[in-house]
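Enquirer: any chance you can model this:
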Amino acid sequence: MDILFVHQNFPAQFVHVARALKERPGLRLAVVTHKGNEQQETLPGARYGWESKRAGSPHRIAENFALRSSQGHMAAKAMMALRARGFDPKLIVGHLGWGETLFAKDVFPDATLVVHAEFFYSATGADVGFDPEFPNGGVDHLFELRAKNAAILAAMNDADIAVAPTRWQASRFPTYLQNKLNVVHEGIDTNRVRPDPAATFHVAGTDLVFRPGDEVISFVNRNLEPYRGYHIFMRALPAILAARPKAQAVIVGGDAVSYGGAPANGASWKDFFLAEVRERLPLPRVHFVNRIPFNDFVSLMQVTAAHIYLTYPFVLSWSMLQALSAGAPLIASATSPVLEVVEDGVNGLVVDFFAVETLAQRVVDVLARPQDYADMRSAARRTVVEKFDLSSLCLPRWLEILGNPGAD
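Expert: Below is the predicted model of the structure:
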């Protein structure tokens, strides 16, 4: 049986299910991915680029759909190249966010198409308009937002099955699509991400080595930006470090933009908000470590004394669940994706996203009284083991949705 994965940055969300299927006999796996994908773990297949020419320019409100259509077109050409080599998938697994599956059914009409339904945009109830510091751009932005969903709706229309990682993310999709949706997270490897009293974390470029019991404050984003509350964290950090003179902050994240726009002055959000508080920070105790290998991230979660996770109402980050799995004391924003997992005072602490002073107070309390939060840390790990464990829950469910291809 041939199985095709389609993702511009493969393996991404499909890393675990692709590994599992790769080990099963009688299956031939391939991937269609972007030619710029630099991930080391991949599959044989075909790569696509961007079309070099387009006839005219679309109206700006339609630009996103034109881009996604172009990406889908080039991905379909890569699929046709696979078909010409005799690859005939009965199952296609892709992400609906970038248009890559738009024409998959035209190339392989008999294949079952399963899409990862990560997010559906709307003018209310989620990220848009959530943060008054960054206005949404008026009614034209709302028009653009509706047009942005066009490619997603087209992909969902052709999909036989859709999978959303959380109930809240699934709930964002229109009612008439709910019958296609399954709620299954990609899964957390709780055997790998677990508490370790012997863990150490070395701050690259320094002689600092942190261990459990040290006053380590951690903050992790793919990129440091407002969508993930970097501005709120930085505004709280001076008060935290002033109250806890032995505390050290480790900040993980790149300088680019994953979501939303870039600062108008051309700086990175990292530098923009660091400049705002720089004069009130003891900079030798603030460590920007950029992006780090996963093993180092796990070590950081194992030694941290207070992990802060903030997010707009948007896609829930794996890093929050991994922090819980490692037994890290979590202080998080009281936003919808977080509240689906975290119960205040039980398996973590939640604060209003914009409450800078409250965030600082709760972090200081966790640092000052770590023994009082031992039960909360245990409950944090238990939550992930019982609801998001990769091997016992999420991967078996994903394979079941895919029809258990290659199973004995």
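
Enquirer: thought residue 99 was touching residue 68, still the case?
Expert: Yes. With contact defined as Cβ atoms under 8 Å, residue 68 reaches residue 99; the gap is 2.9 Å. No exception for glycine: its C-beta is placed from N, CA and C like everyone else's.

Enquirer: ok, those two, which is more surrounded?
Expert: Neighbour tally, residue 68 and residue 99, criterion other Cβ atoms under 10 Å: the higher count belongs to residue 99, 28 against 22.

Enquirer: so the more buried one versus residue 274, what's the distance?
Expert: Applying Cβ to Cβ, to the nearest Å, the value for residue 99 to residue 274 is 36 Å.

Enquirer: what touches both of residue 68 and residue 99?
Expert: Residues touching both residue 68 and residue 99 by Cβ atoms under 8 Å, 6 or more residues apart in numbering: residue 151.

Enquirer: next, give phi and psi for residue 212.
Expert: The phi and psi values for residue 212, taken as degrees, to the nearest 10, are phi -50, psi 130.

Enquirer: and it, what pLDDT?
Expert: pLDDT recorded at residue 212 is 98.

Enquirer: right, and it touches residue 299 too?
Expert: No. Look at residue 212 against residue 299 with Cβ under 8 Å: they stay out of range, at 10.3 Å.

Enquirer: between the two, which contacts overlap?
Expert: Counting by Cβ under 8 Å, 6+ apart, the contacts common to residue 212 and residue 299 are 196, 199.

Enquirer: how about the helices in the stretch 101-250 of the chain?
Expert: 104-107, 139-158, 167-171, 230-243 (DSSP state H, counting those that start in this stretch).

Enquirer: other SSEs contacting the third one?
Expert: Right, the one you point to is helix 167-171. Contact partners of helix 167-171 among helices and strands, from 3 or more Cβ pairs under 8 Å, 6 or more residues apart in numbering; DSSP states H and E: strand 181-183, helix 336-339.

Enquirer: the following helix or strand past the longest one packs against which elements?
Expert: Of the helices and strands lying after helix 336-339 in sequence (DSSP states H and E), the nearest is strand 349-351. Using 3+ Cβ pairs under 8 Å, 6+ apart as the contact criterion, the elements in contact with strand 349-351 are strand 330-333, helix 356-368.

Enquirer: tell me the strands beside the shortest one, with direction?
Expert: It refers to strand 330-333. strand 306-309 (parallel), strand 349-351 (parallel) (DSSP bridges).

Enquirer: show me how far that strand is from its chain's centre.
Expert: With Cα atoms, centre = their mean, to the nearest Å as the basis, strand 330-333 stands 16 Å off its chain's centre.

Enquirer: other residues contacting the helix or strand that residue 324 is a member of?
Expert: Following DSSP H and E, one finds residue 324 within helix 318-325. With contact meaning Cβ under 8 Å, 6+ apart, helix 318-325 is reached by 185-186, 188, 190, 193-194, 218, 220, 297-298, 301, 304, 307, 309, 311, 330, 332, 338, 341-342, 347-348, 380-381, 383-385, 388.

Enquirer: which parts of the chain belong to which domain?
Expert: 2-187+390-401, 201-387 (automatic domain parsing).

Enquirer: weakest of these by average pLDDT?
Expert: Looking at the domains of the chain, the bottom one is domain 2-187+390-401 with a mean of 94.

Enquirer: contacts for stretch 83-94, please.
Expert: By Cβ under 8 Å, 6+ apart, stretch 83-94 touches 1-7, 14, 17, 28, 30, 100-101, 104, 107-108, 110-116, 402-403, 405.

Enquirer: make a PyMOL selection of the buried ones in those.
Expert: Those of the contacts of stretch 83-94 that count as buried under 16 or more other Cβ atoms under 10 Å are selected in PyMOL with:
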select buried, resi 2+3+4+5+6+7+14+17+30+100+101+104+107+108+111+112+113+114+115+116+402+405
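
Enquirer: which ones among the contacts of stretch 83-94 lie within strands?
Expert: Applying DSSP state E to the contacts of stretch 83-94, the entries found in strands are 2, 3, 4, 5, 6, 28, 30, 112, 113, 114, 115, 116.
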